[in-house]
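J.: Everything below, folded, please.
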Amino acid sequence: LELESIQDYIQESDNLVALHEQIIHCDSILEHMEGLLGKFQTDLGQVSEEIRTLQVQSQTMSTKLRNRRAVENKLGVFLEQLVVSEDLISSVLDIEVSEEYLEHLLVLAHKISFIQSNEAARGSQARKDVEVVLEKLRTRAIAKVRDFLLAKLYQLRKPKTNISIIQQNVLLKYKYFVRFLAEHGQDVYQELRNEYIGIMSKVLAGHLRTYLVSLEKMVSPVAGPTDVLGVADTSSSNVVTGGVNTMMSLFSKAVTSRPNAEKVFELGDRLNVLSQLDKPAIIPHMADFEGKRFPYEVIFRNVHKLLVDTASSEFLFCLDFWEDEGVFKELFGPVVAVVEGDLTEQLQHQHDVLCVLLMIRLNAEHRALMLKRRVPCLDDYLDRINLLLWPRFKVLFDVQAASIRPGVERSLFSNAVEVTGLTRRYAAFAASCLTLMADHNADDSVFKASSFYEMLERLWAAIFDMLLRMSNMFKDRRQGIIFLILNYNHIRTVLREADSSAAQRLSSSSGNGAGSRQQQQQPPLSPNGRATIAGGLGSAGAAAIKECEDQLAACTSLYVEDQLSVHFRDLVDFVKKAEQQQKRNAVPEGQPIAGFTPAQAAPLLRDFSGRWKASIEAMHREVLAQVTEPNCARSVLQASMTQLLLYYTRLLELLKKQGPEGVALAREVVNIPAIMYEIKRITKG
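T.: Predicted coordinates for the structure are as follows:
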C-alpha cells in the first residue's frame, strides 16, 4: 500500500509541482493585492480626513452666511428707514396737499420718529446728513398742511354753509394732518386749534342767537303776574292785596286780572311738547309766515333740540378729528352761554308756573337723551339749567300759595253756593302738576320729585283751609256744607279725568315698548296713613284723589245727617238714643229698652208710614235744587237714601230685639223692599 502511495505520488508529481507553482503565484498575487489594499486604506484615511475638514469648513461658512444675512436684514431695514429717497423729497416739496399727499406724510412722519426714537440711528454718522433733510421736509410739510387746513377751516365761516357736511365729508378725511401737526408741529397745531375754536364758537353762537331771537318773536305768553290761584273772579279791584302783591311785584310792574284765569292752569295740549323731543326743530321763517305762536316751553324745546343735536355732533367730531375733548369744551362754552344767558333773562319775566315745570321736565328728558346717546358733553350745562329752573319754579309756586293766605277769603267769597274760581284753578293746577310728575320717582335727585310732592301737599292743605273758612262765611250751615261738597267734587272729578288720561297715555306708550318709570315708585301713604295704589297720575296722584274723596265723603255725611234731621228727626233721634240706652244699660235681647219700647215706637212708625213717600220726594227735590252738579247731586241723593234705609233698618232691628211685641210691630210697618223700590223709582226719574 505504501508503494502504491509512493507510485501515485510519483505519478502526480508534475501536478503537484504545477500546484506548488500556482500557490506561489497566488501568494504573489495576494501579496500584491495586500499592498494595493493597504495603499487604498491609506488613501481612504486621507479622504475621510479631508471630508471632516470640509464639514467643518461648511459649518463655518453656514454660520457666516446666517450672520451676514441677519446683518443684511437689519442694515437694510435701518437704511430703508434712514435714507430719504428722491421720490419722497419731490413728493413732499412739490405735490399739492390731497389724499395722495397723506401717504407721503405718513412716510415722512415715520422717518422722523425713527431718527428720534431709535438708539442706533441716534448714534450713527448718517443721522447728521439725514436730519437736515428731514427737518427741511418737516418744515415744508407743516407749512403746506397749515395752509391747506386753514383754507378748509375758513370755509366753515362762510354764510349758509352746511358745517356738518364739511366736517364729515372734508375735514375727517384729513384728520391725520392734525395728528401730524400735534406730533411734529405743536405751534401750528395750537394755531389751527385756536382758529377752529374761534370760528366754530362765533358761528354756532351766532346761529343760536339768531334762532333764539326769531323764535322769541313768536312767543305767546300763557300766564301773567295776576294769574294766581287766589285772584278774585269779578274785577281787578278784587285782586288779592297785601303780601301777595308785594311778592308778585318782584316779577311785574303792573298787576291786573283777566277772565277765565283757570285756563292758565290747564295743561291741555301743552303736554304734547314732551312727546316731540325727537321732532325736527321749528323753522322760524316758515312758522312766522304761517302766523304761528307758541308758549315759551315750545321755544325752550326747539332751542335745546338744536343745542343738543349740535353738541352731540360737534363733540363726536372733536374727539374724532382733534382727538381732544378740551376743544369741544372751549368752543361750546360761548355757545351754551348764549342760551343760558337768554334763559336767565327770560325767567325773570316768566310768571307761568306750568311753563317752568314743563321746562324742568324737558331738561330732565334732554339729560336722559344725552345719556342714551352716551355723549356726556352737556352734563354741566344741564345741571346749571336745572339750578336756574327749580328756584324760579319754587318762587312762582310760593306766589300761588301766598295768594290763598288766611284773610283772602273775604275778597274771594261771593255768597254763591257754587264751584269757585279758586277751586277750578287749583283743580286744573294740581291735575297739571301731577300729570307732569306721574312717571318720576320720589327719590329722583335730578327732578327733585320728593320736594315737589311736599309743596303740593302744603298747597292742598292751604286750599282745604281756605274752602273751610269760606264755607263758614255762609249764614246757613247747610249752604256751607253744600259749598264744600261742590268744590271737593269738582277737584275729585278733574283729578280723576287727569288720572284716566294719564293712564291711557302710559298704556299706549307701554304698548309701543316704552317703559314707565312710574312702576318703580313705592306707594306712599295718604294722609290717613293707608297705602295708595298708583294709577295714571302715580302714587302721589292716587293719594291726592283719596284725600279729596275722604273730604267729600265727610261733607256728604254732614249734609245727609242734616237733611235727615229735618225730614226724619224723630226717627233719627229715636234710633240714636235707643242704641245708646241699649249699650249703656247692656239690655239683653228679648227685653224692652226703657223709654224706647215698641209701644213708644208705634206712634213714630205710624207717622213714618204716613209721610215717608212725600218726604223722600221732598228730599229728592231739595238735593236737585241745592246741589247744582248732576253727578254730584246723584251721589248725595244716593247717600241720603242709603243712610235713611240704614236708620230705618236699625230701628226695625231694635224692635225685633225687644220681644214678640216688637217683632209684631216690625211686621206691620212699611217693609224695606217697598222703600227701596220707591227710592229707585225716584232716583231714576
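J.: give me the low-pLDDT residue ranges for the stretch 301-450 of the chain?
T.: For the stretch 301-450 of the chain, the stretches flagged by pLDDT under 70 are 439-449.
J.: brain fart, the chain
T.: With pLDDT under 70 as the threshold, the chain has low-confidence stretches at 1, 72, 74-83, 116-129, 233-261, 439-449, 509-535, 685.
J.: Run through the neighbouring helices and strands of the lengthiest helix in it.
T.: Longest helix in the chain by number of residues (criterion: DSSP state H): helix 13-82. Counting contacts by 3 or more C-beta pairs under 8 Å, 6 or more residues apart in numbering; DSSP states H and E, helix 13-82 is packed against helix 99-117, helix 119-123, helix 126-155. (Each C-beta comes from the backbone N, C-alpha and C, glycine too.)
J.: quick one: it to helix 126-155, angle?
T.: In terms of direction (axes from the mean of the first three to the mean of the last three C-alpha atoms, to 10 degrees), helix 13-82 departs from helix 126-155 by 50 degrees.
J.: just to revisit the earlier point, CSV for the helices and strands packed on helix 13-82, including mean neighbour count?
T.: Below are the helices and strands packed on helix 13-82 laid out as CSV (neighbours: other C-beta atoms under 10 Å):
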stretch, mean neighbour count
helix 99-117, 16
helix 119-123, 11
helix 126-155, 16
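J.: Would you convert those into CSV that also reports distance to V566?
T.: Formatted as CSV, the helices and strands packed on helix 13-82 follow (distance: least, C-beta to C-beta, whole Å):
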stretch, distance to V566
helix 99-117, 98
helix 119-123, 112
helix 126-155, 89
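J.: picking that back up, distance from the chain centre to the longest helix of the chain, please.
T.: How far helix 13-82 lies from its chain's middle: 92 Å, per C-alpha atoms, centre = their mean, to the nearest Å.
J.: Can you check what angle separates whatever helix or strand comes next after it from helix 126-155?
T.: Next in sequence after helix 13-82, counting helices and strands by DSSP states H and E, comes helix 86-94. With the same axes, to 10 degrees applied, the angle from helix 86-94 to helix 126-155 works out at 40 degrees.
J.: what packs against helix 86-94?
T.: Applying 3+ C-beta pairs under 8 Å, 6+ apart, we find helix 86-94 packed against helix 99-117, helix 126-155.
J.: Need the contact partners of it.
T.: Identification of contacts with helix 86-94 by C-beta atoms under 8 Å, 6 or more residues apart in numbering yields 101, 104-105, 107-108, 133, 137, 140-141.
J.: Could you give me the buried positions within that helix?
T.: Buried residues in helix 86-94, counting neighbours by 16 or more other C-beta atoms under 10 Å, are found at 88-89, 91-92.
J.: Secondary structure element holding the residue positioned nearest the centre of the chain?
T.: Closest to where the C-alpha atoms of the chain average out (C-alpha atoms, centre = their mean) is A368, at 3.2 Å. Using DSSP H and E, A368 maps to helix 353-373.
J.: could you point out which element follows that helix?
T.: helix 379-402.
J.: Could you tell me the angle between that next one and helix 353-373?
T.: Relative orientation of helix 379-402 versus helix 353-373 (the same axes, to 10 degrees): 160 degrees.
J.: Tell me which other helices or strands helix 379-402 touches.
T.: On a contact count with 3+ C-beta pairs under 8 Å, 6+ apart, helix 379-402 meets helix 243-248, helix 325-348, helix 353-373, helix 449-471.
J.: Only alpha carbons, please: show whatever helix or strand comes next after that helix as CSV.
T.: Next helix or strand after helix 379-402 toward the C-terminus (DSSP H and E): helix 409-412. The C-alpha trace of helix 409-412 is given here as CSV (Å, rounded to 0.1, in the frame of the first residue of the first chain):
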residue,chain,number,x,y,z
GLU,A,409,-111.3,134.6,51.6
ARG,A,410,-113.1,137.9,52.1
SER,A,411,-112.2,139.0,48.6
LEU,A,412,-113.0,135.6,47.1
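J.: burial measure for P225, as a count.
T.: Residues near P225, counting by other C-beta atoms under 10 Å, number 19.
J.: ok, it touching D352?
T.: No: look at P225 against D352 with C-beta atoms under 8 Å: they stay out of range, at 10.4 Å.
J.: hang on, the earlier thing: and the buried residues of helix 86-94, which two are the farthest apart?
T.: The distance between the two most remote of the buried residues of helix 86-94 (C-beta to C-beta) is 7.3 Å, for I89 and S91.
J.: burial count for the nearest residue to K394 once chain neighbours are set aside?
T.: Of all residues not flanking K394 in the chain, M455 sits nearest, at 7.4 Å (C-beta to C-beta, 6 or more residues apart in numbering). Close neighbours of M455, defined as other C-beta under 10 Å, add up to 17.
J.: same deal with A462?
T.: Neighbours of A462 under the rule other C-beta under 10 Å: 20.
J.: do the same with Q479
T.: Residues lying near Q479 (other C-beta under 10 Å) number 16.
J.: Validate this expectation: it resides in a helix.
T.: Yes: the assignment for Q479 (DSSP: H, G, I helix; E, B strand; the rest coil) places it in a helix.
J.: contacting residues for it?
T.: Contacts of Q479 (C-beta under 8 Å, 6+ apart): 417, 626.
J.: Tell me how far it lies from V133.
T.: 105 Å (C-beta to C-beta, to the nearest Å).
J.: just P603 next, same as before
T.: Between P603 and V133 the computed distance is 131 Å (C-beta to C-beta).
J.: Next: S48.
T.: Applying C-beta to C-beta, the value for S48 to V133 is 60 Å.
J.: Farthest-apart pair in the contacts of helix 86-94, please.
T.: Pairwise distances across these peak at 18.2 Å for Y101 and V133 (criterion: C-beta to C-beta).
J.: returning to that earlier point: please identify the most buried of the helices and strands packed on helix 379-402.
T.: Among these, helix 353-373 has the highest mean neighbour count (mean count of other C-beta atoms under 10 Å), at a mean of 20.
J.: what's the angle from that one to helix 325-348?
T.: Orientation check (the same axes, to 10 degrees): helix 353-373 against helix 325-348 gives 170 degrees.
J.: now for helix 353-373, which elements pack on it?
T.: By 3+ C-beta pairs under 8 Å, 6+ apart, helix 353-373 packs against helix 296-321, helix 379-402, helix 421-436.
J.: got a list of what A618 touches?
T.: A618 is in contact with H567, counting by C-beta under 8 Å, 6+ apart.
J.: right, I mislabeled it, should have said I485
T.: Shown in contact with I485 (C-beta under 8 Å, 6+ apart): 552, 555-556, 559, 627, 632, 636.
J.: Narrow the residues you listed to those in helices?
T.: The helices, defined by DSSP H, take in 552, 555-556, 559, 632, 636 from these.
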